[in-house]
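Trainee: structure for the following, please:
(2 chains)
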Protein chains: 2
Amino acid sequence: MKINLNGTFIDRDEARIDPLDRGFLLADGLFETIRVEDGNSTRTDRHLHRLSHGCDVLGMSFPKALKSAIAETISANKVSNGVLRLTITRGPGPRGVLPPKEPDQTVMISVTPSDTRPPNPMKAIIAETTRRNEFSPLSRCKSLNYLDNIIARQEANDRGADEALLLNTAGNLAEATAANLFLVIDGMLLTPPVSDGALPGVMREEVLPDAEERTLEPGDFARASEAFLTNSLGVRPLVTVDGVPSGAGVPGSMTKKYLDK
Amino acid sequence: MKINLNGTFIDRDEARIDPLDRGFLLADGLFETIRVEDGNSTRTDRHLHRLSHGCDVLGMSFPKALKSAIAETISANKVSNGVLRLTITRGPGPRGVLPPKEPDQTVMISVTPSDTRPPNPMKAIIAETTRRNEFSPLSRCKSLNYLDNIIARQEANDRGADEALLLNTAGNLAEATAANLFLVIDGMLLTPPVSDGALPGVMREEVLPDAEERTLEPGDFARASEAFLTNSLGVRPLVTVDGVPSGAGVPGSMTKKYLDK
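Mentor: From the prediction side, this is the model:
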């Protein structure tokens, strides 16, 4: 794997992150996970738009020429189908919480080959260990602060599930640890609004014209005829929640419409 | 600066964090900031106890022989007075949110010489940009997820203050971005409880026997005769909040008791 580190291609084993990088020390940065298909990144403009918003929230400058850097990284690694990760951090800095006035940002792009995943039905739990903070602007950014999601995903694993759904601090459904949530209730496609702590997912945006944003609570699964999860890598049916079949417990007809996204 | 990276001393310019370290990619780790005085780390047991609790929350193993590694790092850098940072992460791993089953953890210790800071009076604002998530177990850990604190500190800087106080999601006072908060009201020393989102600070623990944990709200500053902030580096008087003098606007007699901590 050749990593694109600040514009230079370096073997993964040689690539070096500075131990004083604020991304490493304080999670002071953002990332995007982008699907690669037939040698091309997909939904690139949407990803970069979200990243640009994140830069505004963090007060970071938006790196130049990311689109060509993404294409070059895919090409340098000769990846046809896979997953690309774009990471930007505030770079190294002296001790302290406040970022340096003129940060020397780190831009890292890596790409891993992988088959396009089959739309495996997913089992989820509702996380009891932690909740999503809808009061933080970071709930609207794909930031490096991913540890709540990791804890919730570990809980899912411990409880024999594939994914964890996160409630927000009000006890309403926000999203999954690495995906957005959609429910079909009374024939309507519904998803939690961003103000409830849903990350504005790139695939979510694509499904949104067919859906309505509505505050959803765990009890709504009992009324749902179908449920599915979306992220940049695809759409996957959600067939059980806390061990209870969601809808018919098999992918429904609305869900199937989106499975090849 | 010689960094202790997994037990080996390396010049900072040579030390390499793997670009796939989960600490860098997902903030999957913890840290401690420890004061060094006269060539010794201070309150080391308290720091390691908190770190050990954090490891339990994250499901990480607690690294061995940290105490001697800390002493060796201070000694290798010939630091008499300064600040030591101990960082542990889940180490490099394959793509994905779930940690690897047998993580190869990263342990990094660095130390920066600095004079013991004078107890400068601090000006704080109450952050409007973000809030602390008291529903997350990470509010009780010193985790790498520091970006909310960074955003709040940037807001403080923009508004001409030194520190930002974070409210929790219920609108009560939790802590500052890098310190705990104490108020004196009716002659009583009060501090927000950990259940309100206060990090269990090492210096806070030391002051706690003299204080009472109580839910505090922004309006309580109007009733406070004194206020101060504590962290591992020391105790500092808080003299204004949102531009309004806190207490008499100068360090009070209760505060002075703790200034030489």
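Trainee: the longest helix in chain A is where?
Mentor: Longest helix of chain A, by residue count under DSSP state H: helix A:44-58.
Trainee: near chain B, which residues of the stretch 51-200 of chain A show up?
Mentor: Contact residues (Cβ under 8 Å from any Cβ of the partner chain) of the stretch 51-200 of chain A with chain B: A:57-59, A:83, A:85, A:87, A:89, A:95, A:97-99, A:108, A:110, A:112, A:129-131, A:133, A:135-138, A:143-151, A:153-154, A:157, A:169, A:177-178. Any C-beta I mention is one placed from the backbone N, CA and C, and that applies to glycine too.
Trainee: can we see that at 7 Å?
Mentor: Proximity of the stretch 51-200 of chain A to chain B, by Cβ under 7 Å from any Cβ of the partner chain, involves residues A:58-59, A:83, A:87, A:95, A:97-99, A:108, A:110, A:112, A:129-131, A:133, A:135-138, A:143-151, A:153-154, A:157, A:169, A:177-178.
Trainee: which residues in the stretch 51-200 of chain A form strands?
Mentor: Remark: strands assigned in the stretch 51-200 of chain A by DSSP state E, counting those that start in this stretch are A:82-89, A:106-113, A:122-126, A:163-167, A:173-176, A:180-185, A:188-191.
Trainee: and A:Val111, what does it touch?
Mentor: A:Val36, A:Thr73, A:Ile74, A:Asn77, A:Val79, A:Gly82, A:Leu84 (Cβ atoms under 7 Å, 6 or more residues apart in numbering or on different chains).
Trainee: a markdown table for the residues you listed, including pLDDT?
Mentor: What follows is these, written out as a markdown table (pLDDT from 0 to 100):
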| residue | pLDDT |
| --- | --- |
| A:Val36 | 97 |
| A:Thr73 | 98 |
| A:Ile74 | 98 |
| A:Asn77 | 98 |
| A:Val79 | 97 |
| A:Gly82 | 96 |
| A:Leu84 | 98 |
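Trainee: filter the residues you listed to the buried ones?
Mentor: The neighbour count (16 or more other Cβ atoms under 10 Å in any protein chain shown) marks A:Val36, A:Thr73, A:Ile74, A:Asn77, A:Val79, A:Gly82, A:Leu84 as buried among those.
Trainee: so of these, which two are at opposite extremes in space?
Mentor: A:Thr73 and A:Gly82 (10.7 Å; Cβ to Cβ).
Trainee: and the residues of the stretch 51-200 of chain A next to chain B, which are buried?
Mentor: The buried subset of these (16+ other Cβ under 10 Å) comprises A:58, A:83, A:87, A:97, A:99, A:108, A:110, A:129-131, A:133, A:135-138, A:143-151, A:153-154, A:157, A:169, A:177-178.
Trainee: among the residues of the stretch 51-200 of chain A next to chain B, which are located in helices?
Mentor: Those of those lying in helices (DSSP H): A:Leu58, A:Leu147, A:Asp148, A:Asn149, A:Ile150, A:Ile151, A:Arg153, A:Gln154, A:Asn157.
Trainee: the longest helix of chain A packs against which elements?
Mentor: strand A:29-37, helix A:66-76, helix A:202-207 (3 or more Cβ pairs under 7 Å, 6 or more residues apart in numbering or on different chains; DSSP states H and E).
Trainee: between the ones you listed, which one is closest to B:Leu233.
Mentor: For B:Leu233, the closest of the helices and strands packed on helix A:44-58 is strand A:29-37, at 25.2 Å, according to Cβ to Cβ.
Trainee: show residues contacting that closest one.
Mentor: Residues contacting strand A:29-37 (Cβ under 7 Å, 6+ apart): A:23, A:41-42, A:44, A:47, A:50-51, A:54-55, A:58, A:74, A:79, A:81-90, A:111, A:141-144, A:232-233.
Trainee: follow-up on the earlier one: Throw the contacts of A:Val111 into JSON lines and include distance to B:Gly249, thanks.
Mentor: Formatted as JSON lines, those follow (distance: Cβ to Cβ, whole Å):
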{"residue": "A:Val36", "distance to B:Gly249": "59"}
{"residue": "A:Thr73", "distance to B:Gly249": "55"}
{"residue": "A:Ile74", "distance to B:Gly249": "59"}
{"residue": "A:Asn77", "distance to B:Gly249": "60"}
{"residue": "A:Val79", "distance to B:Gly249": "61"}
{"residue": "A:Gly82", "distance to B:Gly249": "60"}
{"residue": "A:Leu84", "distance to B:Gly249": "54"}
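Trainee: from these, pick the one nearest chain B.
Mentor: Ranked by distance to chain B (Cβ to the nearest Cβ), the contacts of A:Val111 are led by A:Gly82 at 9.6 Å.
Trainee: the closest residue to that closest one other than its chain neighbours: what's it in contact with?
Mentor: Distance criterion Cβ to Cβ, 6 or more residues apart in numbering or on different chains; nearest residue to A:Gly82, sequence neighbours excluded, is A:Pro113 at 4.2 Å. Residues near A:Pro113 by Cβ under 7 Å, 6+ apart: A:Val79, A:Asn81, A:Gly82.
Trainee: ok, A:His47 touching A:Val202?
Mentor: Yes: judged on Cβ atoms under 7 Å, A:His47 makes contact with A:Val202 at a distance of 5.7 Å.
Trainee: wouldn't A:Pro63 be in contact with A:Thr106 here?
Mentor: No: between A:Pro63 and A:Thr106 there is no contact under Cβ under 7 Å: 9.6 Å.
Trainee: give me the distance from stretch A:55-62 to the chain's centre.
Mentor: 18 Å (Cα atoms, centre = their mean, to the nearest Å).
Trainee: quick check: mean pLDDT across it?
Mentor: Mean pLDDT, stretch A:55-62: 98.
Trainee: so A:Arg85 sits against A:Ser114, correct?
Mentor: No: using Cβ under 7 Å, A:Arg85 is not in contact with A:Ser114, being 11.9 Å away.
Trainee: more crowded one of the two?
Mentor: A:Arg85 (19 against 14; other Cβ atoms under 10 Å in any protein chain shown).
Trainee: ok, residues contacting stretch A:87-97?
Mentor: By Cβ under 7 Å, 6+ apart, stretch A:87-97 touches A:18, A:20-23, A:28-31, A:60, A:63, A:99-100, A:103-108, B:25, B:83, B:112, B:149-150, B:153, B:177-178.
Trainee: change it to 6 Å
Mentor: A:18, A:20-23, A:28-31, A:63, A:99-100, A:103-108, B:112, B:149-150, B:153, B:177-178 (Cβ atoms under 6 Å, 6 or more residues apart in numbering or on different chains).
Trainee: for stretch A:217-231, give the mean pLDDT please.
Mentor: Mean pLDDT, stretch A:217-231: 96.
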